[in-house]
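1. What follows is a predicted protein model with its sequence.
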Amino acid sequence: MTVINHNKGKEQATATANYPTANYPTDSIDWLTRLIAFDTVSRHSNLALIEDVQAYCEQLGLTVDLTFNAAKNKANLFVTVPAGANADDVNHGLVLSGHTDVVPVDGQDWTSEPFTATIRGDKLYGRGACDMKGFIACALTLLPQAVKLSNAGKLRRPLHLALSFDEEVGCLGAPLILADLKARGITPDYCIVGEPTNMAMVVAHKGIAVYRCRVHGKSAHSSLTKQGVNAISYASRLIGYVDELAEEMSYRSDNDAMFDVPYSTLSVGTIRGGTATNIVPNLCEFTFDYRNLPHMTQDDILVPIQAKVAELNAQMQARAPETGIELLQEESVPAMTDSDSAELQALIAALTGDDTRHKVAYATEGGQFTNAGIPTIICGPGSIEQAHKADEYVALSEMTRCDEFLQKLLNSCASN
């Protein structure tokens, strides 16, 4: 069950920030330093960061809405700077979206403390520096200017900020934000997701689906193989078929050369099975992921894989009725399309002076926004190549470029 709180929800937050709430940064570098100090690895709560941002927004006179997960130890934040009284557009607006969670640092060899921002040369290091607290820092720095314009009646359309939880483990938070907005009748015109793109405009990305396959065989002594059903052997046959499908997809006529990997992909990621060399194994599990181009669906691979599973099940059960193969879906994140974002793309190109469009293989919350009917692009500071690594960093120049971009974006929403 999702808990929605439109009365600020401070009683739900169990952690407190490490900073005095009356003394917030005024520039993006200081904001990024502050945000990195919150350990928001996905397995932990993000409430300390959310509570801190909530207090900041309330200091600016804004009303904050939170949506919680079932355990109430994580929350999304949504806040709106309303349009001025004489605005052309009072019901829609522009969303700046970012996720608050980061990936773990376990087993990584960091030069400096990952949850303490460190500037060395022209780079700022820390977990989440580029993925994606850098963009959030720039957006928070922009809020006071947006509020000033709103108070002066000069903001023509609302500016929304959406911060989510658990993007890194399946994009679990954003659907709750979108469901809440739908229930409240909020229909944003556009969304910009600030994942790291080196401030380039990404107009589409692939979807991702993750599957777990469990092959249940029958144990026997390895000298009596006909009395058993080898789970590893049947798993290998299915893996081989997955690899064949992957090869076929790379040669499809409808592939898209604009993507950095121009075809849909299938990749086996983990496998485990067996207990000893002299025992026919009765269980083997493997996982694979499917990263689909926007015009392709999960059925494009599920239908043939399920047919292969049925074929293998028949062979296995002819030898032992209790055997068989399970196929379970663990994650599903939709692709982001560029079919409805031409107007937004033109605006971004005009503001940046760069009309180059990019399409990427990695997935973001952008697909969930486009599925909800909100035209979306991805644009944020830093490089995806630095994400998830030891010594993750964002170049200071990228933060400056993001600040300048968001300032131009805000100006485009304001009247003279």
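-> Arrived safely, thanks for sending.
2. For the rest of this, base every contact and every neighbour count on C-alpha atoms.
-> Will do.
3. mean confidence for stretch 223-232?
-> Stretch 223-232 shows a mean pLDDT of 96.
4. any residues touching that stretch, and which ones?
-> Residues from elsewhere that reach stretch 223-232 (CA atoms under 8 Å, 6 or more residues apart in numbering): 215-221, 273-274, 278, 280-284, 316, 319-320, 323.
5. Sort out for me which of these are in strands.
-> Using DSSP state E, the members of the contacts of stretch 223-232 that fall within strands are 215, 216, 220, 221, 273, 280, 283, 284.
6. Now the buried members of the residues you listed.
-> Neighbour counting over the ones in strands among the contacts of stretch 223-232 (16 or more other CA atoms under 10 Å) leaves 215, 216, 220, 273, 280, 283, 284 as the buried ones.
7. Could I get the pLDDT score of the third one?
-> When you say that, I think you mean residue 220. Note on residue 220: pLDDT of 95.
8. shaky segments in the protein?
-> Residue ranges of the chain with pLDDT under 70: 1-22, 85-91.
9. and it, what are its domains?
-> For the chain, automatic domain parsing gives the domain ranges 3-204+335-412, 207-333.
10. Deepest in the core, which of these is it.
-> Highest mean neighbour count among these (mean count of other CA atoms under 10 Å): domain 3-204+335-412, with a mean of 20.
11. re the thing from before, show me which pair in the ones in strands among the contacts of stretch 223-232 is furthest apart.
-> Greatest spatial distance in those: 215 and 221, 18.4 Å, computed using CA to CA.
12. residues in contact with residue 305?
-> Counting by CA under 8 Å, 6+ apart, residue 305 has contacts 241, 242.
13. Need the three-state assignment for it.
-> When classified by DSSP: H, G, I helix; E, B strand; the rest coil, residue 305 comes out as helix.
14. didn't residue 98 look like it was pressed against residue 162?
-> Yes - under the criterion of CA atoms under 8 Å, residue 98 makes contact with residue 162 at 6.4 Å.
15. Would you quantify the distance from residue 326 to residue 253?
-> Applying CA to CA, to the nearest Å, one obtains 32 Å for the distance of residue 326 from residue 253.
16. again but with residue 209, I slipped
-> Counting by CA to CA, the gap from residue 209 to residue 253 is 22 Å.
17. Using CSV, write out every CA atom in stretch 49-64.
-> Written as CSV, here are the backbone C-alpha positions of stretch 49-64 (Å, rounded to 0.1, in the frame of the first residue of the first chain):
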residue,chain,number,x,y,z
LEU,A,49,17.4,13.9,2.4
ILE,A,50,13.7,14.3,1.6
GLU,A,51,13.0,15.9,5.0
ASP,A,52,15.9,18.4,4.4
VAL,A,53,14.6,19.4,1.0
GLN,A,54,11.1,19.6,2.3
ALA,A,55,12.1,22.0,5.0
TYR,A,56,14.0,24.1,2.4
CYS,A,57,10.9,24.3,0.2
GLU,A,58,8.7,25.2,3.1
GLN,A,59,11.1,28.0,4.0
LEU,A,60,10.4,29.3,0.5
GLY,A,61,6.7,29.3,1.2
LEU,A,62,6.0,26.2,-1.0
THR,A,63,3.7,23.3,-0.2
VAL,A,64,5.3,19.9,-0.3
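18. Please give the element, helix or strand, for residue 251.
-> Using DSSP states H and E, residue 251 is not contained in any helix or strand.
19. Tell me who's in contact with the residue nearest to it when sequence neighbours are not counted.
-> In space, and not counting its chain neighbours, residue 251 is closest to residue 263: 7.9 Å by CA to CA, 6 or more residues apart in numbering. By CA under 8 Å, 6+ apart, residue 263 lies in contact with 249, 250, 251, 252, 255, 256, 292, 293.
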